[in-house]
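**Student:** below are the sequence and a predicted model for it; my questions follow.
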Amino acid sequence: MTSLPKNTVKKLGLAIDLDTCVGCHACVISCKEWNTSNYGSPLSDMDAYGENPTGTFLNRVHTYEVETENNDYKVVHFPKSCLHCEDAPCVTVCPTGASYKREEDGIVLVNEDACIGCGLCAWACPYGAREMDADAGVMKKCTLCIDRIYNENIPEEDRQPACVRACPTNARHFGDFADPSSHVAKLSTSRCGIELMPELEAKPVNRYLPPRLKTDQGSNNLPDILTPMINKVPKNLKGFLSWVDKVLEKI
């Protein structure tokens, strides 16, 4: 069995903002594209254009409708990938040492040359973050795009996971949680970042930022920036502009 490092120099991971994630799946597509053409053996798809298409994804987005305290309903999009746990059970059950955690940055990886496809790591992972690539016959998982974040041959702004780079709403953030001054550490502290299922004692590095309370829902108050614009509207308007003016007066 594989042993875990007692400590890691860094704790690289993701802070995912559930308040701004819109479920567009840009992170899923960018992850799929990057990992199909780069690190390790490509992510494969079987019968992609047939009746029963199957494939391997390292990042997925689940969508839920949840009931709020006001008996209202809210849609929450929940991205899920490997959380790069400090006490990763997927590593300690691996019989060949294929699954391992890096001491220098805490990233959990799979040595595909040593993986025998037994699936023990998938059974041990409490978050369902591992997937068997049936075509390659090995287990696949999120690598935090290790081939991007250390790649000096690409522009500095691209040296982050593909999912983070592609997110159009800036819902995904990448950094070192071991550094209290890092962006992700500060963001997690200020937004009360959630450790997913702490009772399982896997100590995931990734944090989820909970949705903010919408205290002003249903309010008809306009943003302050619109007030001077409305005050400048002439009062002798006719036609369509007159109707717009009346509507604004009612707000």
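**Tutor:** Nice, thanks for sending it over. All values reported here derive from a predicted model rather than from experimental measurement.
**Student:** strands of the stretch 151-251 of the chain, residue ranges please.
**Tutor:** Using DSSP state E, counting those that start in this stretch, the strands of the stretch 151-251 of the chain run over residues 172-176, 207-209.
**Student:** okay if I get those strands as TSV plus distance to S182, mean neighbour count and mean pLDDT?
**Tutor:** For every residue, glycine as well, the C-beta is placed using N, CA and C. Formatted as TSV, these follow (distance: least, CB to CB, whole Å; neighbours: other CB atoms under 10 Å; pLDDT from 0 to 100):
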stretch	distance to S182	mean neighbour count	mean pLDDT
strand 172-176	4	21	98
strand 207-209	12	23	97
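**Student:** Throw the ones you listed into TSV and include distance to I116, thanks.
**Tutor:** Shown next, in TSV, are the strands of the stretch 151-251 of the chain (distance: least, CB to CB, whole Å):
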stretch	distance to I116
strand 172-176	31
strand 207-209	33
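**Student:** for this structure, give me the ranges with low pLDDT.
**Tutor:** Flagging of the chain using pLDDT under 70 yields the residue ranges 1, 38-40, 214-251.
**Student:** try 80 this time
**Tutor:** The chain contains residues with pLDDT under 80 at 1-2, 37-41, 68-71, 213-251.
**Student:** okay, now the domains of it?
**Tutor:** 12-209, 220-251 (automatic domain parsing).
**Student:** of the strands of the stretch 151-251 of the chain, which is nearest K80?
**Tutor:** strand 207-209 (9.8 Å; CB to CB).
**Student:** can you check which of the strands of the stretch 151-251 of the chain gets nearest to F78?
**Tutor:** strand 207-209 (8.0 Å).
**Student:** from the chain's centroid, how far away is that closest one?
**Tutor:** 9 Å (CA atoms, centre = their mean, to the nearest Å).
**Student:** likewise for stretch 178-198?
**Tutor:** 14 Å.
**Student:** before we move on, what about stretch 133-149?
**Tutor:** 16 Å.
**Student:** before we move on, what about stretch 49-60?
**Tutor:** Put simply, stretch 49-60 sits 19 Å off its chain's centre (CA atoms, centre = their mean).
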